[in-house]
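>>> let's see this in three dimensions:
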Amino acid sequence: MSKKPSLSLADELKPFVTPFRFDGAGQFHLKSYPTAEKGGIDKDAGSKIIEANRKRLNDYQEKLYAQDRWSLLLIFQGMDAAGKDSAIKSVFEGVNPQGCEVSSFKQPSTKELDHDFMWRAMIALPERGRIGIFNRSYYEECLVVRVHPEVLGKQKLPKRLLSKNIWRERFEDISAIERYLSRNGTVILKFFLNVSKEEQRQRFLDRLEEPAKNWKFSMADISERALWARYQAAYQDMIHHTATRDAPWHIVPADHKWFARVVIGSTIIAALDKLELKFPEVDKADLSEFRRIRDALEAEGKNGPEKAVAKK
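Model (predicted):
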C-alpha cells in the first residue's frame, strides 16, 4: 500500500492562512470576516503552533539573510488596542534582531511633509536578506487622513490635486509601488487586525484598571473610537482597492490574541516556505581552502601553535 505524500509546510498551515487572505479577487465585505474566529482549535493547540512557528521563523530568517536575495515586508494595521504591538513581539520572539527592523510611522515631521506621502516609508524598506516590519504604515494616508480631512490640508499639496478622486489615486499609487517592489524581490504581506468594538472597549477598560497598562491609555484613543464607523468604512474601501496577488491583505481575527498570532505566524512561515530558501553553496576552490585551514587548526590543537606554524 503506497504512502500518502506528506504535506508541504505551506499546505499544513493553509487552514490558518487561506480563510483570512484576500488578494483582490471577487468582492470584499469586511463584515464577512468574524473577529472572534478560533479556527477550530483551542488555546493550548494554538500555543504549540505559535512556538513551532517561532522556531521555523528563526531558521528561515537565517537562510533569508545568508541567501541575500529576497526581502520581506510585513505591514500591520488595525484600530487602537487591536494588538499589533503584542503580536509583533510574540511572533518574532527569539528572532535575530540584526536581520529584522520595526518601523512605526507617527505624525509626519516638517521634513517629511516636504516630500510625497510615500517617501518616509520608502527609505525604511528592508534590504535584501532582511525582514522589515511596519507597525502602521503608508496606509495611514488612506485611513487617518481620510477620516480627518483637515490633516490632508496640511500636506502642502497643490490645491488642484485635492480632488474627490484623491483616495482612489492613492490606492492606485500604492498598488503600483507594491507591484514594483514585488518584482524586485520584496515579498509583501499585509495584516489588518480585525478587532470588534466590544473587545476594544474591554481592552481600554483593562488599560485603565491595571496599573501596569495605564501608560498605554490615551484620551485620543477614545476620540478615535467615536469615529469607529468611519474607520471601518475606510478600511473596507482601502482593503478592497489595494489587495492584490503581489501584496494580499490578511484580515486577522483579533478578539483572541493567541489566535491572531497563529494566523500571523502561519502566514509568514507559509510565504517563506514557498521561497525555497537555502544557505549559499560554497564553490570547490573555497572548500579546498577550508580543508587546508581546518588541517592547520587541528594541527595547532595537537601540537600547540608554535609547532604547527613551524611544521607548515
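
>>> helix/strand/coil for Leu193?
With DSSP: H, G, I helix; E, B strand; the rest coil as the basis, Leu193 sits in strand.

>>> which residues touch it?
Going by CB atoms under 8 Å, 6 or more residues apart in numbering, Leu193 touches Phe76, Gln77, Gly78, Met79, Ala82, Gly83, Lys84, Ala87, Val252, Ala254, Ala260. (Each C-beta comes from the backbone N, C-alpha and C, glycine too.)

>>> what's the pLDDT at it?
According to the prediction, Leu193 has pLDDT 98.

>>> do you know how far Glu141 is from Gln107?
Here the criterion is CB to CB, to the nearest Å. By it, Glu141 lies 12 Å from Gln107.

>>> could you do Arg183 as well?
Per CB to CB, Arg183 is found 32 Å from Gln107.

>>> again with Phe217
19 Å.

>>> neighbour-wise, which of these two wins?
For Phe217 versus Gln107, neighbours defined as other CB atoms under 10 Å are more numerous around Phe217 (18 against 10).

>>> need the per-residue pLDDT for the residue lying closest to the more buried one once chain neighbours are set aside.
Residue nearest to Phe217 in three dimensions, not counting chain neighbours: Arg207, with 4.2 Å by CB to CB, 6 or more residues apart in numbering. Arg207 carries a pLDDT value of 92.

>>> equivalent analysis for Val252, please.
Note on Val252: pLDDT of 98.

>>> which residues touch whichever helix or strand it is part of?
Under the criterion of DSSP states H and E, Val252 resides in strand 249-253. Contacts with strand 249-253, where a contact means CB under 8 Å, 6+ apart, come from 17, 20-23, 30, 33-38, 189-194, 239, 242-243, 259-260, 263-264, 267.

>>> dump it to CSV, restricted to CA.
Presented in CSV, the C-alpha positions along strand 249-253 are these (Å, rounded to 0.1, in the frame of the first residue of the first chain):
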residue,chain,number,x,y,z
TRP,A,249,-4.3,41.6,2.7
HIS,A,250,-4.9,39.2,5.6
ILE,A,251,-7.9,40.0,7.7
VAL,A,252,-6.8,38.6,11.1
PRO,A,253,-9.4,37.8,13.7
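
>>> sheet partners, orientation included, of it?
strand 21-22 (antiparallel), strand 186-194 (parallel) (DSSP bridges).

>>> which of those strands is buried the deepest?
strand 186-194 (a mean of 23; mean count of other CB atoms under 10 Å).

>>> name the next helix or strand downstream of it, please.
helix 197-209.

>>> that next one - contacts with which helices or strands?
helix 219-225 (3 or more CB pairs under 8 Å, 6 or more residues apart in numbering; DSSP states H and E).

>>> tell me what whichever helix or strand comes after the strand holding Val252 is packed against?
Remark: after strand 249-253, the chain's next helix or strand is helix 257-273, criterion DSSP H and E. Packing partners of helix 257-273 (3+ CB pairs under 8 Å, 6+ apart): helix 9-12, helix 43-67, strand 71-78, helix 84-91, strand 186-194, strand 249-253.

>>> centre of the chain to helix 257-273, how far?
Taking CA atoms, centre = their mean, to the nearest Å, the mean C-alpha location of helix 257-273 is offset from the chain mean by 10 Å.

>>> and what of stretch 186-202?
12 Å.

>>> pull up the distance across that stretch, start to finish.
End-to-end distance for stretch 186-202: 37 Å, by CA to CA, to the nearest Å.

>>> with the contacts of Leu193 in mind, which one is nearest to Ile222?
Met79 (12.3 Å; CB to CB).

>>> report how many residues lie close to that closest one.
Met79 has 24 nearby residues by other CB under 10 Å.

>>> what are the structural domain limits within this protein?
9-281, 283-312 (automatic domain parsing).

>>> dig out what the residue nearest the centre of the chain forms beta bridges with.
Geometric centre of the chain, nearest residue: Leu74, 2.2 Å, by CA atoms, centre = their mean. Taking DSSP bridges as the rule, Leu74 bridges to Ile133, Leu189.

>>> so it touches Ile131, yeah?
Yes - the pair Leu74 / Ile131 is scored as a contact, 6.9 Å apart, by CB atoms under 8 Å.
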